[in-house]
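1. Predicted model follows, preceded by the sequence.
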Amino acid sequence: MGFFRYFLALLCLLTQMALSHAEIPLPEDGKLVLRGDSAQKLPTTLNGEWNYIAGRWVQPDELASIMQPTTVRVPAETRPARAPRLQQSSGTYLLDLLVDAPLAEPAIHFQRICGAATVYLFRAGDLVTAPLARFGKLSDPRHNDMLFNQVVKLPALTAGTYHLLIQQSSLHASASALCGPVELGDAVTMEYTRALGTIKNVTVVALLLGVALGSLLLGSQNGDRAAPWLTLVCIGCALLLITVSGLLSMLLPPEANSNLDRLRIIGCYSALAWLPPALLMLFSHTLSIGLPRWLKVVNIAVPVVLNVVFVVATNRLVPYPTSLVALWGIELCASYAVVVLACRLHRDYAYLTLASSLPLLVVMPVDLYRYFEQGNIEIYTPYAIALLVAVHACIYAMRFGAAYRLAARLSAHLQEEVEIRTRELSTKNQKLEQTQIELQQANETLQQLSITDGLTGVHNRMYFEQQLAQEWRRCSRQGLPLSLLMIDADHFKQLNDSAGHQVGDACLRSVAMEIDQQFKRAGELVARYGGEEFIVLLPDTQQNKALAIAEGLRIAIERMPINHGENEYRVTISIGVSTVTPGMDQQPAQLIATADAALYEAKDAGRNRVHSIPMLGQRNPMATQQQLHL
């Protein structure tokens with residue numbers, strides 16, 4: 001495995017050299033020259049040689065007493081656990097920053113923190129009172145505790161020497177809390193980069209889960225044996241991206257952190273264990289290449305055993321990735337052997353599958369090295385698998401399209417014969433349906449006309465009496481009050497005789513429209529009762545409230561101008577109000593008669609007013625008449 005590790009390191013180094021466009025200074029002997037102008041544009045990496053004081057947490061005021069600290073690499077590499085239970089390690093990291101230009105809004109970005117850490121940054125010679133950030137408790141770090149994508153905002157930096165001091169305590173296999181890359185740069189740029197990375201990861205996870213659901217539904221319908229394995233690949237890739245990129249910390253609440261790390265480790269290693277066998281089975285079923293029975297059994301048994309080991313091992317130590325690297329190597333070799341054999345046999349989509357899987361062959365070993373050896377959580381294996389999944393989804397779509405076209409061709413002749421025999425019947429059915437639609441529309445129009453007053457557009461008396469009977473029964477069952485407003489336009493006959501029937505009709509329409517706009521609550525009903533009389537039904541309305549509503553309506557009508565031609569008219573209304581809680585010995589006609597009597601009292605009292613008469617049989621015989629003046 002030593003040779004394989006050096007090979008991965010060399011491959012990762014060559015990749016990073018190919019992607020880099022400028023020489024970036026790295027910390028050496030615990031010191032780094034920080035160029036403020038370049039850090040403002042592009043984050044500066046702090047990965048390199050840091051000073052380290054083992055076994056103690058050095059305070060900022062104790063730096064002068066530190067004589068010869070040890071130089072160590074940051075980030076710390078993950079090593080295999082050599083004891084049944086990992087021992088707690090503690091110490092202090094120190095890096096001297098020589099700033100040559102001001103940096104207005106700096107921040108430090110920790111990609112991954114394995115354990116607990118307390119961060120200080122102060123200018124040489126300054127007095128420090130409090131740390132900039134605390135991650136966990138130094139005295140009690142949880143086993144394999146990890147934090148992802150932590151951004152710590154720093155005070156403005158001017159030219160000079162600064163000390164970056166990090167006290168750490170860890171129970172991780174790396175024996176250090178600084179197990180991931182560290183960067184320093186502009187705070188806004190880092191927050192934007194972190195948010196952009198989160199959006200990108202969430203988008204990929206959502207797409208993978210969507211493809212998983214689609215393939216599962218499609219496979220259940222047409223019996224495709226490759227669909228369940230495609231679903232497993234999508235779910236495993238999404239789980240790997242969630243656990244490695246830190247999305248799991250965002251999905252779970254803060255109080256769940258005690259079990260978060262164990263859940264994350266189990267999820268990460270389970271996804272890594274199931275992805276290679278699932279890819280092998282996916283290639284086998286997609287390209288119709290048979291596998292030996294023993295290989296199929298081993299292909300399923302190995303990830304099951306590894307998952308059991310992972311669940312048990314996470315209580316004591318971190319599973320070392322050697323077994324996963326070996327599994328991925330063997331399974332990928334078998335998968336590519338299946339693809340190459342399919343290409344030699346000229347199977348459909350074999351070359352497309354080979355082309356889409358080549359990025360995975362290049363990216364996967366680099367990601368394994370960068371994550372386990374360098375602590376870098378920016379992995380690209382899920383994206384390579386997402387590309388492979390997208391290609392297989394396209395293959396399924398093309399296969400489905402081909403099957404659909406074949407079925408269409410086979411059924412074309414039968415459809416032609418059926419169409420010839422059913423064309424006449426279809427024409428008759430269309431005519432019948434059109435007639436039924438027209439009849440239904442006519443019935444609906446007739447029904448609407450039967451309950452609507454033709455002049456004013458509100459409901460008519462017949463519909464009102466139906467609704468009154470219905471609301472009477474409901475209020476009687478529930479013991480609710482029922483109020484009635486009887487409304488009459490004052491001096492309407494004189495207006496009709498003097499101005500003409502057209503003006504009278506316009507006045508009735510305006511009054512009806514204003515009344516209808518005042519009552520929109522569920523159950524409320526406005527209807528024309530006859531001539532210039534209107535009636536309003538108010539379920540679940542007490543007498544005092546009904547009087548207030550009536551008075552508001554009277555004022556609105558009184559202030560409402562009615563324009564007809566070049567003339568303006570005004571009308572007033574008189575309102576009779578009656579309220580009752582329906583009982584077994586009462587009838588709706590009594591409520592109407594009482595409201596009508598109250599209306600006549602309002603007219604006799606001078607019109608343009610509201611009167612109320614309680615219905616006979618109420619429990620309050622003293623309230624025989626009430627007049628409201630506001």
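-> Right, received. Where do you want to start?

2. Could you use CA atoms for every contact and neighbour count after this?
-> Fine.

3. low pLDDT regions in the stretch 501-630 of the chain?
-> Along the stretch 501-630 of the chain, the model assigns pLDDT under 70 to residues 616-630.

4. Surely A334 is in contact with L280?
-> Yes - using Cα atoms under 8 Å, A334 is in contact with L280, at 6.9 Å.

5. Looking at those two, which is more packed in?
-> When neighbours are counted by other Cα atoms under 10 Å, A334 and L280 differ, and L280 comes out ahead with 23 against 18.

6. thought the more buried one was touching A337?
-> No - contact between L280 and A337 fails when scored by Cα under 8 Å: they sit 9.5 Å apart.

7. ok, how many other residues are close to D367?
-> 21.

8. which ones are touching it?
-> Neighbour list for D367: I379, Y380, T381 [criterion: Cα atoms under 8 Å, 6 or more residues apart in numbering].

9. quick one: which of those is most hemmed in?
-> T381 (22 neighbours).

10. Could you verify my assumption that A177 touches V119?
-> No - look at A177 against V119 with Cα under 8 Å: they stay out of range, at 11.6 Å.

11. Low-confidence ranges, the stretch 301-450 of the chain, go.
-> Short version for the stretch 301-450 of the chain, where the test is pLDDT under 70: 313-324, 368-377.

12. Run through the helices of it in chain order.
-> Remark: helices assigned in the stretch 301-450 of the chain by DSSP state H, counting those that start in this stretch are 322-344, 350-372, 381-450.

13. Could you list every helix and strand that the last one packs against?
-> Where contact means 3 or more Cα pairs under 8 Å, 6 or more residues apart in numbering; DSSP states H and E, helix 381-450 is packed against helix 187-222, helix 227-245, helix 350-372.

14. from the chain's centre, how far out does the second one sit?
-> What separates the centre of helix 227-245 from the centre of its chain is 20 Å, taken as Cα atoms, centre = their mean, to the nearest Å.

15. Among A177 and V119, which residue is more densely surrounded?
-> More crowded of A177 and V119, by other Cα under 10 Å: A177, with 33 against 19.

16. Leaving out the residues flanking it, which one is nearest to that one?
-> C114 (4.2 Å; Cα to Cα, 6 or more residues apart in numbering).

17. Can you tell me who the one you found pairs with across the strands?
-> M146 (DSSP bridges).

18. Distance check, it against E183.
-> C114 is 16 Å from E183, where distance means Cα to Cα, to the nearest Å.

19. that older thread, specify which member of the contacts of D367 is nearest to E566.
-> Y380 (78.7 Å; Cα to Cα).

20. Now do the contacts for that closest one.
-> Y380 neighbours (Cα under 8 Å, 6+ apart): V363, M364, D367.

21. ok, of those, which one's closest to I166?
-> Nearest member of those to I166, counting by Cα to Cα, is D367, at 27.3 Å.

22. Can you tell me how far the closest one is from L275?
-> 15 Å.

23. cool, and E524?
-> Taken as Cα to Cα, the span from E524 to L275 is 64 Å.

24. So between the two, which is more surrounded?
-> L275 (22 against 17).

25. That one looks like it's in a helix, true?
-> Yes - membership of L275 in a helix is supported by DSSP: H, G, I helix; E, B strand; the rest coil.

26. Now do the contacts for it.
-> L232, V233, G236, C237.

27. Rebuild those residues as JSON lines, extending it with pLDDT and neighbour count.
-> JSON lines is the format used below for the contacts of L275 (pLDDT from 0 to 100; neighbours: other Cα atoms under 10 Å):
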{"residue": "L232", "pLDDT": "87", "neighbour count": "21"}
{"residue": "V233", "pLDDT": "84", "neighbour count": "26"}
{"residue": "G236", "pLDDT": "85", "neighbour count": "27"}
{"residue": "C237", "pLDDT": "82", "neighbour count": "27"}
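
28. out of those residues, who's nearest Q436?
-> For the contacts of L275, the nearest to Q436 is L232 (51.9 Å; Cα to Cα).
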